[in-house]
Each structure stands twice: as C-alpha cells, then as structure tokens.
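Peer 1: got a sequence here, can you model it:
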Amino acid sequence: MARAAGLAGLDRGALEKEARDWGFDEVRHFESTHAMPFPIEDTQAYVMASDRMIVTGFRGTEVLKIYDWLTDVNTPPVPGPADKGFVHYGFHQALRSVYPGIRDTVKELRTEGQTVWFTGHSLGGALAMLAGSTFYFEEPRLLPDGVYTFGQPRTCERLLAGAHNAAFRQRCYRFVNNNDIVPHLPPGPFFTHVEALRYFDADGGLHEAMPLAARLRDGAKGVSADLFAPETDAVKDHHLPNYLAAFEKNLARAR
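Peer 2: Predicted coordinates:
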C-alpha cells in the first residue's frame, strides 16, 4: 500500500506501466485544478483494478505547501460525509473535486466482487481516509476492505473520527514515521486523528502503541541522530521513501 501511494506521484505512462507490471489491467486517472485560497493547486488520484482487488491512490504534496495550508487558522471546518461530524474545508474540497468519478469507476470495475482499498501519503493520506469514510457513510453497503495512510495530517474532528473508528476497526492503518511534522497538523484541539496508529521509532522499529513519555524520548533520539542533516528531522521523516525504508527494515528483521 505504501508503494501504491507512491504511484500517485508518477506521470500517466509510468503509473500505467507499473500498475500493469503488478497485474492491474485497468487504470483510470483523475485530476482537478482548483481555484482555492490556499496552496493546493490540484488533486490527483488513480484507480487500478485486477480480478482480485481495486486500489485507489491519492497524490501527496510538498511539506512546506501543506504546512502553510494546514496552519491557516482561518480555514473553516465543513460537515463530513453523510453529515457525520466535520472535516477540514480544504480536504473536503479537494476530495469532492474527484470523488464522484472515483466512486463511479470503482462500482464499474468491481465486476467480480474484488476487495476495495484506499491509500495515500501526506495530503493523499487525508484524502484516502476521507474517501473511505465517504464510500461507506454515504452508501453503507460499500465498506472498503482497507485504508492505509502514511504521514496523514489531522483530517476531522472527534465525531467523525469516532464514527470512522467504529466502522473501520481492523480495516484502517495510519502510519507515522518518528518526528514527521505533518501528522501534528493542523494544530489541535478541534481537529484530531482516527485511531489505528502504527508508529516507526527512530531506529525504524514498528509499534502499535507507544506511551507519550517514550515517544518524547524517541523523538529526541531522532533529532539528535540528524543534527547536521540538510533538512530538519521533522521534514525528512515525512518523505515517503523514508517510510518505505522503515518497512524494508522491519521485513528484513522478520526474515
């Protein structure tokens, strides 16, 4: 799913080639250009389908762009899917610009009862979580099989988060890499995260939970390991290749 999230950043030709190499014969692209008062210029996503599964991936964005956008305290919340709670206005607008096409495409391509999955990194993670919620809450018979996000920002407030947690138990996994700055945005207390956290520590170890004191110590360890890096640890940890490296390290340990 992390690699599938990365496909959303490829150009059409490269994405289609990679998807077909993976066994996905159908690939559809979605793109919408925005005229919104914050630094997101467009939304890009894809749907790829095989005879076993259908995956929808959403493209992320640069750390500095999403930081500026998500720290804008003047951005209002709007009602969530099926009026359950509230979501960040920017995520709502970005998803709605492509969601009808994605929904209709998944329905069209799901001819053999394939499993349905959503994935995304950064901004794409927020859109993947929100798309999965919208899929189910607006049409309850369409509960996705899985939602995987990487470096996802806070997307909604507690009422929608609670409804999502109840519906997506054992179906949603929200990965955070050590000091990644984006999962701490937008600032609380109004916006919050859905559950199902999976946390990579400074050594790349994967945890289902970590007490606050232990996370603070681990965060300090991550910072001290990269004091002279060209970019801050909080930005470096957000990059998708560093999530993939952590996965590879855990797979190597498991062998």
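Peer 1: and the helices in the stretch 101-250 of the chain?
Peer 2: 123-138, 158-167, 212-224, 233-236, 240-254 (DSSP state H, counting those that start in this stretch).
Peer 1: export these to a markdown table and tack on distance to Val182, mean neighbour count and mean pLDDT?
Peer 2: All C-beta atoms are positioned from the backbone trio N, CA, C, and that covers glycine. Listed next are the helices of the stretch 101-250 of the chain as a markdown table, based on distance: least, C-beta to C-beta, whole Å; neighbours: other C-beta atoms under 10 Å; pLDDT from 0 to 100:
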| stretch | distance to Val182 | mean neighbour count | mean pLDDT |
| --- | --- | --- | --- |
| helix 123-138 | 8 | 26 | 96 |
| helix 158-167 | 17 | 18 | 96 |
| helix 212-224 | 14 | 14 | 63 |
| helix 233-236 | 9 | 19 | 86 |
| helix 240-254 | 11 | 14 | 93 |
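Peer 1: could I get the ones you listed as CSV with distance to Ala49?
Peer 2: As requested, these are exported to CSV (distance: least, C-beta to C-beta, whole Å):
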stretch, distance to Ala49
helix 123-138, 15
helix 158-167, 23
helix 212-224, 38
helix 233-236, 35
helix 240-254, 23
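Peer 1: which one of the ones you listed lies closest to Ala196?
Peer 2: helix 158-167 (7.7 Å; C-beta to C-beta).
Peer 1: for that closest one, the distance to its chain's centre please.
Peer 2: 16 Å (C-alpha atoms, centre = their mean, to the nearest Å).
Peer 1: out of the helices of the stretch 101-250 of the chain, nearest to Leu64?
Peer 2: Of the helices of the stretch 101-250 of the chain, the one closest to Leu64 (C-beta to C-beta) turns out to be helix 233-236, at 8.2 Å.
Peer 1: follow-up on the earlier one: select, out of the helices of the stretch 101-250 of the chain, the one closest to Gly80.
Peer 2: Once the helices of the stretch 101-250 of the chain are compared by C-beta to C-beta, helix 158-167 is nearest, at 4.2 Å.
Peer 1: so the closest one versus helix 123-138, what angle?
Peer 2: 70 degrees (axes from the mean of the first three to the mean of the last three C-alpha atoms, to 10 degrees).
Peer 1: make residue 1 into 41 and carry on from there
Peer 2: I'll keep to 41 as the first residue from here, and by that count the last item is helix 198-207.
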